[in-house]
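Asker: Have a look at this prediction, sequence included:
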Amino acid sequence: MKTMIVGGGIGGLSTALSLHAAGLDCVVVEAARTLRPLGVGINVQPHAVREFTELGLGPELAELGVETTFMSVADRHGNIIMALPRGRSAGFRWPQYSVHRGELQMLLLAAVEKRIGPVRTGVAFEDFEQDDAGVLVTLREGGRISRERVDVLVGADGVQSSVRARLHDPAGDPLRWGGIRMWRGVGDSDQVLDGATVLAGGSNSAAKFVTYHISARNPRLLNWVAEVKVAEPGIVPDADWSREGAHADVCAHFAAWKYPLVDIPALLAATKRILEYPMVDRDPLPRWGEGRVTLLGDAAHPMYPVGSNGGSQAVLDARYLARCLATHDEPGAALAAYEQERRPPTSALVLAHRSLPLEETIALVSRRAPGGFRHIGEVLTAAEVAAMEAAQRGISDADVRALNERESWSV
Ligand SMILES: Cc1cc2nc3c(=O)[nH]c(=O)nc-3n(C[C@H](O)[C@H](O)[C@H](O)COP(=O)(O)OP(=O)(O)OC[C@H]3O[C@@H](n4cnc5c(N)ncnc54)[C@H](O)[C@@H]3O)c2cc1C
């Protein structure tokens, strides 16, 4: 059985490695001419680290990223509201890592090239037709159109997926923007907190600043994301992860901050390239694919990048898809089983991310203690803190025991 994977991002490459580990044949086509280490920071949750470990990539991942200890939330004066343990600190058998998204992609690409062969870059998916015997895929390479027959087609082509657009009328499936603009970058910085904490300060009702270190080799590299509500929710035509942003646009929102945890002006000044992205998602779909064609990762369930879960969920999709294809005789039945397992939890996550669970409580803290506080107990009741912690866990954590005790998805 031969599978064509459209997209060489974290989802597509993880799918190739998972299919190969399950003894299945596959090819990855990627529209970009060259895969380069694009993007900035991303977190890999313990459930995804487990899958990478089972694919034999655990040691390389450990060399690349920073093992995350806590996710801490502060008000805009730098007073810590809560610190949630992450990864092994939270009891998981596998760590959480904060990494550079592009470096993770390059790690996966190197593994694909070594184990399977080259990714076919500069090849874009255009269209497909399917019958009972297979899928006929139309591809564009430069100006040349070609058609190839495969047994299964997987759309791992990201938030602006062409495979999804072929399966679901784009008019009824728009990019939904909550009105928050994100600026992202990586700069040189002194160590923040313990050097391994994801720190979120402020709230989206005004402006929020998230930082985390992302490199085991260079502990001074600090990833940052500034999130600012700039418009009312609406529909946008596109969302480009590589769009350049301007220093001045970001700085203005943080000029009045006195934030002892991070020197924000210095960090912004030390950032060579700023990227700008609208915080978008799409409504969950009632079904992903049909017959021998399915979706995976952001193509299937784009979610707000606020819970450190989009990339990790793509990895889970990849591993479970490979398991289904290896254990079912008929591709259509395999894809139906994959979708039945993965669609409900990822649809719930899309909606949970949309509710921006931390915001209400952080906003409450700033209303009750606009000038800051010494101890959070002066501002919030224990029940309010517990509710906030539970809401955040709802978008980022798997259940510790369930993950630790679940059987392996390796075949
Ligand atoms: C350039 C880039 C930078 C990013 N930076 C960040 C970041 O800094 N922080 C963060 O949290 N998330 C970032 N993301 C998103 C993040 O990688 C995803 O949310 C997550 O990893 C899930 O990955 P995915 O493989 O499903 O989708 P993606 O990572 O988006 O990968 C999709 C791939 O499909 C390819 N593709 C698209 N259309 C076609 C087509 N028609 N034919 C063939 N190939 C196609 C794209 O070129 C891309 O390589 C970035 C994504 C991209 C593409």
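Answerer: Perfect, I can see it now.
Asker: ok now do the residue nearest to L193 when sequence neighbours are not counted, which residues does it touch?
Answerer: Distances taken as CB to CB, 6 or more residues apart in numbering put L199 closest to L193, at 6.2 Å, once the chain neighbours are dropped. Glycine gets a C-beta too; all of them are placed from N, C-alpha and C. By CB atoms under 8 Å, 6 or more residues apart in numbering, L199 lies in contact with M71, S72, V73, A74, V192, L193, V210, T211, Y212, L261, V262.
Asker: Repeat the analysis, applying 10 Å as the threshold.
Answerer: 70-74, 78, 80, 83, 192-193, 209-213, 222, 224, 261-262 (CB atoms under 10 Å, 6 or more residues apart in numbering).
Asker: which helices and strands sit right next to the lengthiest strand in the chain?
Answerer: For the chain, the longest strand by residue count, based on DSSP state E, is strand 175-188. For strand 175-188, the contact count by 3 or more CB pairs under 10 Å, 6 or more residues apart in numbering; DSSP states H and E identifies strand 41-44, strand 207-213, strand 221-229, strand 234-236, helix 247-254, helix 264-269, strand 275-281, helix 331-354 as packing neighbours.
Asker: go with 6 Å
Answerer: If you count contacts as 3 or more CB pairs under 6 Å, 6 or more residues apart in numbering; DSSP states H and E, strand 175-188 packs onto strand 221-229, strand 234-236, strand 275-281.
Asker: Give me the buried positions along the shortest one.
Answerer: Right, the one you point to is strand 234-236. Judged by neighbour count (16 or more other CB atoms under 10 Å), strand 234-236 contains no buried residues.
Asker: centre of the chain versus that strand, how much separation?
Answerer: Counting by CA atoms, centre = their mean, to the nearest Å, strand 234-236 is centred 21 Å from the centre of its parent chain.
Asker: Likewise for stretch 262-276?
Answerer: On CA atoms, centre = their mean, the centre of stretch 262-276 falls 22 Å from the chain's centre.
Asker: Keeping just the C-alphas, turn that stretch into CSV.
Answerer: Extracted in CSV, the C-alpha atoms of stretch 262-276 (Å, rounded to 0.1, in the frame of the first residue of the first chain):
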residue,chain,number,x,y,z
VAL,A,262,11.9,40.1,31.1
ASP,A,263,13.5,43.2,29.7
ILE,A,264,11.0,43.5,26.9
PRO,A,265,12.4,46.5,25.1
ALA,A,266,15.9,44.9,25.1
LEU,A,267,14.6,41.6,23.8
LEU,A,268,12.6,43.2,21.0
ALA,A,269,15.7,45.3,20.1
ALA,A,270,17.8,42.0,20.1
THR,A,271,15.4,40.3,17.7
LYS,A,272,16.6,40.4,14.1
ARG,A,273,13.4,39.3,12.4
ILE,A,274,9.8,39.7,13.7
LEU,A,275,7.0,37.7,12.3
GLU,A,276,3.3,38.6,12.4
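Asker: Determine whether any part of that stretch lies close to the ligand.
Answerer: No: Stretch 262-276 stays clear of the ligand (CB under 6 Å from any ligand atom), getting no nearer than 6.8 Å.
Asker: before we move on, what about stretch 303-316?
Answerer: Yes: using CB under 6 Å from any ligand atom, a contact is recorded between stretch 303-316 and the ligand, made by P305, G310, G311, A314.
Asker: Identify those among the residues you listed that sit within helices.
Answerer: Among the residues of stretch 303-316 next to the ligand, the members falling in helices (DSSP state H) are G310, G311, A314.
Asker: Contact partners for the last one?
Answerer: Applying CB atoms under 6 Å, 6 or more residues apart in numbering, we find A314 in contact with I10, G11, G297.
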